[in-house]
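Asker: Okay, here's the prediction I keep looking at, along with the sequence it came from:
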Amino acid sequence: MATYEDDDEDEDEDDEDDGYLKEFGEDEIEAAYASAGEESNSEDIKMTDADSLAKEVSVVEQSFIEHFSYTTSFTFNESGCSIGLQVKKQHVLTMAELTYLQFGSEMPKLLLVGIVEKTCLKTVIREIPGITDCFKSKEEKDGEAVYRLATNGSNIPGLWQFACSDADSLIDEHSIQSNDIYAILTTYGVEAARATILREVGGVFDVYKIDVDSRHLELIADYMTFDGGYKPFNRSGISNNPSPLLKASYETTASFLSDATLHGDFDDLTTPSGNIVAGRLSLTGTGVFDIVTPIESSRA
Amino acid sequence: MKDESKESRAELELDFEHLPLVVALLDQNAHFTVCWDDTLTAMADQDESARLWKVNRTIHELVKDRGYQVSDDEIHMDLATFRSHYANQTGVVDRSQLNFFTNSQVNPQEQIFIFFSDERSVGVKTMRKLLGILEDKNIQRGIIIFPGNMTPSARKVIVAMANMYKLEEFSESDLLVNITHHTLVPRHEVLTPEQKKLLLERYRLKETQLPRIQLADPVARYYGLRRGQVVKITRPSETSGRYASYRICF
């Protein structure tokens, strides 16, 4: 069984960001090739039809000669490929001799390494767009080796496509995890997002060996996913709360108070924070009810 | 002279189009040969039939989870059987053969029809075809599954027909994987209106006090939740083994 862990790292630094964007642009350019590349399932497809090979070779030969006027001949077979190049009309050289090839000074430079690198970049065999790196780790579980893959970048629908191209899936699509909570929310729903928040926040505390009761984290995760979406657990997350005193008692008091004043906002003192600010009993716990006890009248 | 060299360079640039093939042919040592067009299409058909097999399985599970009658054979069908049933000689799956309908377990009069669209992009025309079938068979619920995307005008049809037909749409890529089988997704159960009423009375809640699940949430779409319906979520818990929580579709 292979499990898949999806893990993407934030790239916050500016210079890194630039590289990231550039990469992304090129990815998009490659998208046209990607569709063809993705479907070519295997890297070692055996040639079944010798005729079709000959046909392909002749097509390539034609276009090669057509587009590169210095070519005089082009042959391809099982053992190698040779391209005849015309230099000053006298010498015809083969691929093997290319290293020692000398061109006239008027000849445009033909640097094969550059061309090969460029074509390799353009020829996508198989890719999952958005995933740039992949790292394998092995875990022993009940004597059975479990491999987990951690990736840089996340693309869950892309992984599904990858997992479903054959009867036996290479990856276990039911244990994909990601620290991209929004991606989990849109693909697996709000409950999976809640579980992910728990795991990620818990993971941060775990690294520092800080023992936090899971109930605290569950409270946070429940708050964050209460709306069915995923909202931040900070002052911008509570900014649409109706109680100005609640908001002011958390952070940036002056800003929340001045906003409330400018908009003529009011507080109905139903929130615990509002009540504490006003010095009243909060309407929670024992503050919910009043106690009414019959008092015996002195005359009786 | 200068002009000439420029021209040659331009030709070289053009050549890149064909170079992937050339390089692939050149590269012998890496045991890497080119996929010819025929092989490529055959592979693509193989891939597609495998995907459709998964989609078919997920939709059967979905319909079963919603309380309709589905035989286990349909769900546990293996890929070879699927191919022999639905694919032609060339390995292409005929989507129109995948269409099916089934009855509710609770109320056998209630039926649901699953329609696989052949067209990549679903337009009003395809929607009309589906509506025609629903009318013929006198079925009020329909699910349309399409390989590509759906045009906004086709979506409008779903909204416009909402009083007569309950239509839902899924892209094939949405159904490749049954998301409810994921380890992070706890068990969701849709409550009946009576159960919902009992719940609200028991905890003395107003609807707005329940946690919410979005209408567009993948799990809500899986169960076909409508606004106001409540799901019971049985989560695993570190402290109490498991506990129930509820979310209202909003």
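Answerer: Happy to help now that I have it.

Asker: Any stretches of the stretch 51-200 of chain A with poor pLDDT?
Answerer: Across the stretch 51-200 of chain A, the ranges flagged by pLDDT under 70 are A:51, A:68-70, A:78-80, A:85-110.

Asker: Tell me where the stretch 101-250 of chain A has helices.
Answerer: Along the stretch 101-250 of chain A, the segments classed as helices by DSSP state H, counting those that start in this stretch run A:112-122, A:156-163, A:181-188, A:190-207, A:214-224, A:244-248.

Asker: residues making contact with the shortest one?
Answerer: Where contact means C-beta atoms under 8 Å, 6 or more residues apart in numbering or on different chains, the residues beyond helix A:244-248 that reach it are A:235, A:238-239, A:241, A:256-257, A:259-260, A:265-267, A:269, A:271-274, A:277-278. Yep, even glycine has a C-beta here, placed from its N, CA and C like the rest.

Asker: Let's have the helices of the stretch 101-250 of chain A in CSV, adding mean neighbour count.
Answerer: Below are those laid out as CSV (neighbours: other C-beta atoms under 10 Å in any protein chain shown):
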stretch, mean neighbour count
helix A:112-122, 14
helix A:156-163, 20
helix A:181-188, 21
helix A:190-207, 19
helix A:214-224, 16
helix A:244-248, 22
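
Asker: possible to save these as TSV with distance to B:Asn56?
Answerer: As requested, the helices of the stretch 101-250 of chain A are exported to TSV (distance: least, C-beta to C-beta, whole Å):
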stretch	distance to B:Asn56
helix A:112-122	36
helix A:156-163	15
helix A:181-188	20
helix A:190-207	24
helix A:214-224	35
helix A:244-248	51
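
Asker: out of those, which comes closest to B:Glu48?
Answerer: Minimum separation from B:Glu48 across these (C-beta to C-beta) falls at helix A:156-163, 11.0 Å.

Asker: elements contacting that closest one?
Answerer: If contacts are counted by 3 or more C-beta pairs under 8 Å, 6 or more residues apart in numbering or on different chains; DSSP states H and E, helix A:156-163 sits against strand A:2-6, helix A:181-188.

Asker: Would you list the buried entries among the contacts of helix A:244-248?
Answerer: A:238, A:256, A:260, A:267, A:269, A:271-274, A:277 (16 or more other C-beta atoms under 10 Å in any protein chain shown).

Asker: So B:Gln46 sits against B:Gly91, correct?
Answerer: Yes. Judged on C-beta atoms under 8 Å, B:Gln46 makes contact with B:Gly91 at a distance of 6.1 Å.

Asker: okay, now the closest residue to B:Gly67 other than its chain neighbours: neighbour count?
Answerer: Using C-beta to C-beta, 6 or more residues apart in numbering or on different chains and skipping residues adjacent in sequence, the residue nearest B:Gly67 is B:Gln105, 5.3 Å away. Look at B:Gln105: counted by other C-beta atoms under 10 Å in any protein chain shown, it has 13 neighbours.

Asker: Check A:Asp7 and give its pLDDT.
Answerer: At A:Asp7, the model reports a pLDDT of 43.

Asker: ok, which stretches of chain B are strands?
Answerer: B:100-103, B:111-116, B:121-122, B:141-146, B:149-150, B:166-171, B:187-190, B:212-213, B:230-237, B:241-249 (DSSP state E).

Asker: Return the list of strands paired to the last one, each annotated with direction.
Answerer: Same thing as strand B:241-249. When pairing is defined by DSSP bridges, strand B:241-249 lines up against strand B:212-213 (parallel), strand B:230-237 (antiparallel).

Asker: Would you mind finding the most buried of those strands?
Answerer: Scoring the strands paired with strand B:241-249 by mean neighbour count under mean count of other C-beta atoms under 10 Å in any protein chain shown gives strand B:212-213 as the most buried, with a mean of 24.

Asker: Wait, A:Phe64 touches A:Ser82, no?
Answerer: No. Contact criterion C-beta under 8 Å: A:Phe64 and A:Ser82 do not qualify, at 11.9 Å.
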